[in-house]
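Colleague: Okay, structure incoming, though there's no sequence with it:
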Ligand SMILES: Cc1cc2nc3c(=O)[nH]c(=O)nc-3n(C[C@H](O)[C@H](O)[C@H](O)COP(=O)(O)OP(=O)(O)OC[C@H]3O[C@@H](n4cnc5c(N)ncnc54)[C@H](O)[C@@H]3O)c2cc1C
Ligand SMILES: Cc1cc2nc3c(=O)[nH]c(=O)nc-3n(C[C@H](O)[C@H](O)[C@H](O)COP(=O)(O)OP(=O)(O)OC[C@H]3O[C@@H](n4cnc5c(N)ncnc54)[C@H](O)[C@@H]3O)c2cc1C
């Protein structure tokens, strides 16, 4: 039993922390999200140079051999700067799938450029009708010679507008919500028949709808065995939840600190508003939500590599916690900042918005409570 | 970061389980299952604690030199977890975990010799005389007077909410020995024998409706009670320091194992109860509530593991951590007991006064029903005592958030 | 005790309903987001004015309708049911009553018609950077020079000041011992030199509030309402009046209907979300809470119609009303699932912007973000609880 960080992990944390402090202040972020592209390629390159994009991959593929704890540390620190660059879709989700399930050839083909920051990836897994059910897939993949032809629409693909490559879930067999028959394919976004509709998201990111019209891919696009992709996807989302929990914790920390600080300095009725007990107890509740989210974040990231049942239970348990806590902390941070909390100009509202959407991302409280019960 | 226990710890856990299987005999199990307020009979408690004593485990918190179990922090954690998971009676804390550490830290050599062995072996029963009618959260305002009469103190006043005082041989009291500007300064820590002339115990009947003699709390009156000076702990007027030291031992306990056990009991009941032609356990609303509680307990456990890992690593458990555990643990306790009330529906109505008494009559409605609603009523105490949850929030606000 | 409507009230309900259905501008139907133009805001106001229904709460002599409490209730209810854009509160709800209560004849003649017709757009200049919940600490200063006040200061959170022709403003005319004592109530033309309006963008991306900087703004002394230094009484009177309709019951009912429609269209594992145990329970809980609020409001109205003024009970209406509104917007966002994520810019006239996801999902997150304001403004919900603690519980 050990909840301490190794020296390397602490160094990693310090490095990411100072990078974010030095290069990603609030104004910089606002410039980035308001730019045409909505992300900074320059920052992405720096991630590559710092080795962040290599963190979870094995050394033989040019990676740093990190695990979920390293990802957790990175995500938490990136979160404090509300970094929008697609670390989650590229490294955690798609990188994770490639790392754990792609063939040696696929890894050798794709990971070096991912690690070098030359290719950005997005995971196209949800569908307009599917809500949070990962198996609710009508996008079809028909065998065609050695390869497949894909048809369908993928919804709200986070980071999609920036991506060069997509990992797409599609159905090779089975009914609309069967877990059997789901496969994952590597698809070039520039391939014939792929079209996207890009848009900004309410929390400062970018996403797109992806339409696949007779998109032909080769046999080398299939990850794992045909029809057996659901387990890979399900696991990838749990890894995503591990990282997302860390992100949420980073946001909550920022909001709690900012709120306590604000309440100590903001004066009304001749006193700091932090002297009012209702506000004190509110901040204590925010603190307790944060602490419990930290606990769950640690736990889920330690359990990702355990049995499937344990992993699912931990992931869904953590997701419910950060969903609830994140909403509460976000709402109260805005409330305690009064009018200032409502402004685009202050960072508080931006953390609030991101935390709001974190509850939706990968399935909300209701969804994961049911999954928790079933696991 | 690593969630696994080492092999020594696993072996220890097995040993604890084995001990419980032997020592937590069916008669004690039956008593524990039928308690409304968490206490069993006096004899039951003594029997249980003596079994622990014989095993050398009576005092997990004591250092080995005084006969403590000598557990590592992890062992202590495992021990509590297993005890709670089994639903074993809690050791009465007043002697073992409250007054003993104070005696060890501040008592004279003679006091240590005199009191500690009997505490360890549960030869005497202690109770805690802190709260007074006018002094609850604001303990330092206490009024009970101890006048210096040369070789003894003359004590007058009253203590209230004194748990299990009806069984007690001794009471440790905070008393006022001087009127000072800062109320904390004139307080002393005094040990008083319950059979001293002038000590009177009056039962207080709590919401759960205890049978005669089974009340949880009492008011204790002191009328011209003579207390030998040798019963003073440490220095006169320094009692507040000792009391604060002691308060540390009231908190920082893990809750999750006990909570899981209580929830499991509720779920077992729900699996028996009919609702709309199905079992209540399958009702989506009920299932959602139970699942969410299960999840909250998991969160609690994750937090406990984090905190106890810190303790194991030699770090001090800060005021924030213990307050957080106390606050969340008791809130979930109350929620679980409330869910039980919801589960049994109208079979919550029948009232049984003496649930510990052996009888051949089956419980009305279902087995265990008579303890459910009283149990819920009784659990309201948990957010009030040991530093109310509002006070805990004040502590966090001050000590952690710097407000 | 009687919750049935009398026959004449039922007839009145019919009249209101058909008036709205026949006359409400078609292009505004269903518009409820913060993306309205100045003309959008005023269109229905002007139609109501023509009908004589723009200010039901005013006394008849000043242009009110002389409706009974029940009729007012019905009118509000029908308006909300249809989803009309109500007249802005600043003129009709706030300043009007101040003027007919505290203003002189000249002010009444000059101010009230413009409010009723919608020709004058008023904004509320109360809050300042240093004076929010603690309004009495305001610092904007007005110094009398001859027959003009010279005003210097800084107002903030001024809603829709970008459209405003005039502002009613609390200013400090004397710095006395009691902070409440030296405050005056001034009417200021937004076109006066020295008035500068700067937008504040809120977290939903909307331009709803502003900062207003006042630099040597010269205001004719006749624009003082009531006595100099006695403005606090007026301000308090106005805040009391802010309460009418504050619970927003009828509008919340409509929002729940809409939520239900959305949840009917959203699928979870092929089933309408509305039919799932979790979601239907949440809607049911909302409806029950809303019913409790509705009856609390009816009780308040009933005691008002027996001649009691609005009491601190209105704080309950504010707190519960806004909490319910916030829950509805939150649940609506939840209902649309992944499609809460796209940021859909406000549609402009003739804009063919391709939209993403189901229509119902557009802007739901922004609406949720924006709605966080309701527990902050109009006296924050913490302040409302303080009021109840003090005035009702005697703490
Ligand atoms: C079942 C039970 C067993 C007990 N056993 C013992 C025992 O064995 N020995 C013993 O000495 N005592 C015992 N107590 C007493 C217990 O410690 C007190 O009840 C507790 O300290 C609260 O004091 P009070 O009851 O006087 O409530 P009060 O202090 O009067 O508090 C009333 C309410 O006000 C709140 N409050 C008080 N101060 C503040 C503040 N500053 N900020 C915000 N809120 C505040 C409290 O949280 C509470 O909700 C027991 C109590 C119970 C219920
Ligand atoms: C969208 C929007 C529109 C607005 N429109 C207008 C307008 O048109 N005209 C205008 O004049 N103003 C307007 N306001 C301003 C509004 O009235 C103020 O925001 C409000 O009074 C709160 O003041 P503040 O923002 O300075 O917060 P603060 O007063 O600084 O409050 C910060 C936090 O402290 C809490 N707090 C403060 N005092 C206490 C206390 N004694 N006890 C417990 N908690 C306390 C508050 O509840 C809040 O949570 C608007 C505000 C918003 C958000």
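Modeller: Good, I have the coordinates. All values reported here derive from a predicted model rather than from experimental measurement. Ligands and ions are numbered 1, 2, ... in the order given.
Colleague: Which residue ranges make up each domain of chain C?
Modeller: Domain segmentation of chain C under automatic domain parsing yields C:7-87, C:122-230, C:245-392.
Colleague: which one of those domains lies closest to residue B:219?
Modeller: domain C:245-392 (32.0 Å; CB to CB). Every C-beta, even on glycine, is put in place using the N, C-alpha and C of the backbone.
Colleague: Report whether the closest one contacts chain A.
Modeller: Yes. Contact check for domain C:245-392 against chain A, using CB under 8 Å from any CB of the partner chain: residues in range are C:266-270, C:273, C:276, C:278-279, C:330, C:333-334, C:337-344, C:354, C:356-357, C:365-366, C:368-369, C:372-373, C:375-377, C:380-382, C:385.
Colleague: mean confidence score for that domain?
Modeller: The pLDDT scores in domain C:245-392 average 88.
Colleague: One more: stretch A:247-255?
Modeller: Within the predicted structure, the mean pLDDT of stretch A:247-255 is 98.
Colleague: starting at the chain centroid, how far to it?
Modeller: Relative to the chain's own centre, stretch A:247-255 is displaced by 14 Å; criterion: CA atoms, centre = their mean, to the nearest Å.
Colleague: So is it next to chain C?
Modeller: No. Counting by CB under 8 Å from any CB, chain C has no neighbours in stretch A:247-255; the shortest distance is 13.3 Å.
Colleague: quick one: buried residues of that stretch?
Modeller: For stretch A:247-255, the neighbour count (16 or more other CB atoms under 10 Å in any protein chain shown) marks A:247-255 as buried.
Colleague: Model confidence at the residue of the stretch 101-250 of chain B at minimum distance from ligand 1, what's the number?
Modeller: In the stretch 101-250 of chain B, no residue comes nearer to ligand 1 than residue B:136, which is 1.8 Å away by CB to the nearest ligand atom. The score at residue B:136 is 95. That number is its pLDDT.
Colleague: which ones are touching residue B:245?
Modeller: Applying CB atoms under 8 Å, 6 or more residues apart in numbering or on different chains to residue B:245 gives the contacts B:101-102, B:105-106.
Colleague: let's see 7 Å
Modeller: Taking CB atoms under 7 Å, 6 or more residues apart in numbering or on different chains as the definition of contact, the neighbours of residue B:245 are B:102, B:105.
Colleague: Neighbours of residue B:365, how many?
Modeller: One way to gauge burial is a neighbour count; for residue B:365, by other CB atoms under 10 Å in any protein chain shown, it gives 17.
Colleague: mind listing what the residue in the stretch 51-200 of chain A positioned nearest to chain B touches?
Modeller: Using CB to the nearest CB, residue A:69 is the residue of the stretch 51-200 of chain A that sits closest to chain B, at 4.9 Å. Remark: with contacts taken as CB under 7 Å, 6+ apart, residue A:69 is in contact with A:9, A:301, B:1.
Colleague: Ligand 1 versus that one, what's the distance?
Modeller: Counting by CB to the nearest ligand atom, to the nearest Å, the separation of residue A:69 from ligand 1 is 39 Å.
Colleague: got it, and residue B:349?
Modeller: Distance of residue B:349 to ligand 1, computed by CB to the nearest ligand atom: 24 Å.
Colleague: ok, and the closest non-adjacent residue to that residue?
Modeller: On the basis of CB to CB, 6 or more residues apart in numbering or on different chains, the spatially nearest residue to residue B:349 that is not a chain neighbour turns out to be residue B:373, at 7.9 Å.
Colleague: unless I'm mixing things up, the one you found is touching residue B:343, no?
Modeller: No. Using CB atoms under 7 Å as the test, residue B:373 is too far from residue B:343 to be in contact (11.1 Å).
Colleague: what about those two, which has more around it?
Modeller: In this comparison of residue B:373 against residue B:343, neighbours counted by other CB under 10 Å, the higher total goes to residue B:343 at 28 against 22.
Colleague: Can you tell me the closest non-neighbouring residue to the more buried one?
Modeller: Here the nearest residue to residue B:343 in space, its sequence neighbours aside, is residue B:270; by CB to CB, 6+ apart that works out to 4.9 Å.
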